[in-house]
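**Student:** Just the structure for this:
(one chain, ligands or ions: 1)
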Amino acid sequence: MQLSTKHLLGIRDLSPQDIRIILDTATQFKEVLQRPIKKVPSLRDVTIVNLFYENSTRTRISFELAEKRLSADTINFTSSGSSVSKGETLLDTVNNILSMKVDMVVMRHSASGAPHFLSRHIPAVIVNAGDGINEHPTQALLDALSIQEKLGSLEGRRVAIIGDIMHSRVALSNIHLLKKMGAEVMVAGPPTLIPKHIKAAFDIKVEHDVKKALAWCEVANVLRIQLERQNQVLFSSLREYNLAYGITRKLLDGLDHEVLIMHPGPINRGVELDSDVADSGQSIILDQVENGVAVRMAVLYLLSGKRDNT
Ligand code: CP
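**Tutor:** Have a look, this model is predicted:
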């Protein structure tokens, strides 16, 4: 099975068939990861650079582990400690790395569109590991795999994405994916953190009362308040955000059904999500992280066939 794209820049570019292929392949790789020897030789002749211009824990470790499980050669680049601080441009940095015969680039950058820019200027396969407030496609794919595993399907599922929608690449990738796969989507949070156009642009529900959002949904994907991306005051204080929009045990106990709790991490405990919810049996946050490795193995494996020299 072949993907329709050479790069993974965003879920926006994928067809439902592409998404299905990636999730099915990830499910097969999950079986590999249960074996005593968790390694396959699929990418033995492939060299991948992980180019991280912005902080990351889960995504960076997960991509690196996925590459090792596929037997690829990997190089890790972080902008801190590199010649970026001496003024080297993104394109110069990447062309220098590519001259060392790199096949694929996994890239995280604080600027929206940075991986798209690279894909227009270099011949390597590009995988977006999160660009600014645009997209985080592998996060949405691992979220989808996690929902599918717990609920059996994506089609018709009611998923509420709760929190800072305005600054979230995770929200945008999830909305694209869930809509393409036939799920019902709601975004919920304070009016100042939800873009005005979003309801019409995506044909989704918008709710400002978190209690009502939880009463509607089967899955609550709770997002971090992204203070590093906010250059103006969008809510009064973290304490008041927690009181009005935080997901608490009391809120969940008041429902007539159990809601699956997700979070892409890192969690602001006691702000968007209380610890007794994050660490409870209805939270699948660590399942999401586990699924990240299989999903990234699938993406890298499927896109490795798109290299110019293959
Ligand atoms: N979910 C996510 O992207 O986490 P990191 O920023 O730690 O990679």
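**Student:** Show me what I126 is bridged to.
**Tutor:** Beta-bridge partners of I126, counted by DSSP bridges, are V105.
**Student:** Looks like it contacts L118 (just checking).
**Tutor:** Yes. Taking contacts as C-beta atoms under 8 Å, I126 lies within contact range of L118: 5.4 Å. Any C-beta I mention is one placed from the backbone N, CA and C, and that applies to glycine too.
**Student:** Please enumerate the shared neighbours of these two.
**Tutor:** Jointly contacting I126 and L118 under the rule C-beta atoms under 8 Å, 6 or more residues apart in numbering are 105, 107.
**Student:** contacting residues for V170?
**Tutor:** Applying C-beta under 8 Å, 6+ apart, the residues near V170 are 136, 139-140, 143, 221, 223, 264.
**Student:** Could you check how far the closest residue to L172 other than its chain neighbours is from the ligand?
**Tutor:** The shortest distance from L172 to any non-neighbouring residue, by C-beta to C-beta, 6 or more residues apart in numbering, is to E135 (5.7 Å). To the ligand, E135 is 11 Å away according to C-beta to the nearest ligand atom, to the nearest Å.
**Student:** List the contacts of E135.
**Tutor:** E135 sits next to 9-12, 128, 169, 172-173, 176 when contact means C-beta under 8 Å, 6+ apart.
**Student:** ChimeraX command to pick out the buried ones of those residues?
**Tutor:** For the buried members of the contacts of E135, the matching ChimeraX selection, counting by 16 or more other C-beta atoms under 10 Å, is:
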select :9,10,11,128,169,172,173,176
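**Student:** secondary structure class for R108?
**Tutor:** With DSSP: H, G, I helix; E, B strand; the rest coil as the basis, R108 sits in strand.
**Student:** For the closest residue to it other than its chain neighbours, the count of nearby residues, please.
**Tutor:** Excluding the flanking residues, the one nearest R108 by C-beta to C-beta, 6+ apart is A129, at 4.1 Å. Neighbour count of A129, defined by other C-beta atoms under 10 Å: 27.
**Student:** Tell me the confidence at A129?
**Tutor:** For A129, the pLDDT comes out at 98.
**Student:** Distance check, it against the ligand.
**Tutor:** Between A129 and the ligand the distance is 7 Å, computed by C-beta to the nearest ligand atom.
**Student:** Can you name the next helix or strand after the helix or strand encompassing that residue?
**Tutor:** Per DSSP states H and E: A129 is located in strand 125-131. Next helix or strand after strand 125-131 toward the C-terminus (DSSP H and E): helix 137-151.
**Student:** List of residues touching the very next helix or strand once past that following helix?
**Tutor:** Using DSSP H and E, the helix or strand that follows helix 137-151 in sequence is strand 158-162. With contacts defined as C-beta under 8 Å, 6+ apart, strand 158-162 is touched by 147, 168, 171, 174-175, 178, 183-189, 207, 210, 213-214, 216-223, 245, 247, 272.
**Student:** interface residues of the protein facing the ligand?
**Tutor:** Residues of the chain lying close to the ligand (C-beta under 6 Å from any ligand atom) are 56-59, 130, 136, 139, 264-266.
**Student:** Show me what stretch 109-123 is in contact with.
**Tutor:** For stretch 109-123, contacts defined as C-beta under 8 Å, 6+ apart pick out 6-7, 9, 53-54, 90-91, 94-95, 98, 105, 107, 126-128, 130-134, 169, 308.
**Student:** For ChimeraX, what selects the buried ones among those residues?
**Tutor:** Burial among the contacts of stretch 109-123 is assessed by 16+ other C-beta under 10 Å; the matching ChimeraX selection reads:
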select :6,7,9,53,54,90,94,98,105,107,126,127,128,130,131,132,133,134,169
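**Student:** For the ligand, what's its nearest residue on the stretch 151-300 of the chain.
**Tutor:** Across the stretch 151-300 of the chain, the shortest distance to the ligand (C-beta to the nearest ligand atom) belongs to P264, at 3.8 Å.
**Student:** Tally up the residues packed near that residue, please.
**Tutor:** Other residues close to P264 by other C-beta under 10 Å number 27.
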